[in-house]
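A.B. asks: Provided below are the primary sequence and the corresponding predicted coordinates.
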Amino acid sequence: MSASASFRGGRGISFGLGESQRDEFHDETKSIGLSWNTDTKDRNGSVSYIVGRRAGGDYTYWSFAQMFRVSEALAVGISHEWSRIGAPSEFAGAGQLDIVNLNYDLTPEKSIGGRMVRRLGKENVYFSYRQQVRRGMDAYVIYGDPNAVETTGMVSVKLVRPLF
């Protein structure tokens, strides 16, 4: 069960109560979240907190995310997530995820970007180029693998052509 409210000025709040049965585990959680500047894609932010029981252990999770418009062309986003499951769960332990996004608009149709993801003490960095057109085919070139645990030397080309 959850509820949320959005207010003028792009502010929001959410509450949740969760209960589920997975395998032999009975999970129960309570959550709260706050958000701001939700009506802008380059200045929005949020914070959330979840506490309860998961997988047979005490569970705590919190996250923070914030976008910044550094200049007319440069946007930066940061986020941090932390979670912990306590003993006696077989999944006991803590985890952390940190992400930094960069996007620089060369023109309204072209941009370069990058992302650094740090998880479990390992970093994955990748870069992208986007060429979006009003008509025809959009093109993306990605150096690295967004889904890898660590940085790779892979190059991908993605071409998107709308049907209508």
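C.D. replies: Happy to help now that I have it.
A.B. asks: Buried ones in the helix or strand in which Gly16 is found, by neighbour count?
C.D. replies: Counting by DSSP states H and E, the element that carries Gly16 is strand 11-22. By neighbour count on 16 or more other C-beta atoms under 10 Å, the buried set for strand 11-22 is 12, 14. From N, CA and C alone the C-beta is placed, and that goes for glycine too.
A.B. asks: who's in contact with it?
C.D. replies: Outside strand 11-22, the residues that touch it by C-beta atoms under 8 Å, 6 or more residues apart in numbering are 1-7, 26-36, 38, 48, 50, 52, 55.
A.B. asks: and those, which are buried?
C.D. replies: 29, 31, 33, 35-36, 38, 48, 50, 52, 55.
A.B. asks: Who does the residue nearest to Ile85 when sequence neighbours are not counted form a beta bridge with?
C.D. replies: What sits nearest to Ile85 in space, not counting adjacent residues and going by C-beta to C-beta, 6 or more residues apart in numbering, is Gly57, at 4.5 Å. Here Gly57 sits in beta bridges with Arg54, going by DSSP bridges.
A.B. asks: For Gly57, the count of nearby residues, please.
C.D. replies: Gly57 has 17 neighbouring residues, counting by other C-beta atoms under 10 Å.
A.B. asks: who's in contact with the residue nearest the centre of the chain?
C.D. replies: In the chain, the centroid-proximal residue (C-alpha atoms, centre = their mean) is Ser79; its distance is 6.9 Å. Taking C-beta under 8 Å, 6+ apart, we find Ser79 in contact with 63-66, 97-99.
A.B. asks: quick one: it and Phe64, what's the gap?
C.D. replies: 7 Å (C-beta to C-beta, to the nearest Å).
A.B. asks: Repeat that for Lys41.
C.D. replies: Counting by C-beta to C-beta, the gap from Lys41 to Phe64 is 18 Å.
A.B. asks: Gly93 now?
C.D. replies: Taken as C-beta to C-beta, the span from Gly93 to Phe64 is 21 Å.
A.B. asks: swap in Ser48?
C.D. replies: Here the criterion is C-beta to C-beta. By it, Ser48 lies 8 Å from Phe64.
A.B. asks: Low-confidence stretches in the protein?
C.D. replies: Across the chain, nothing is flagged by pLDDT under 70.
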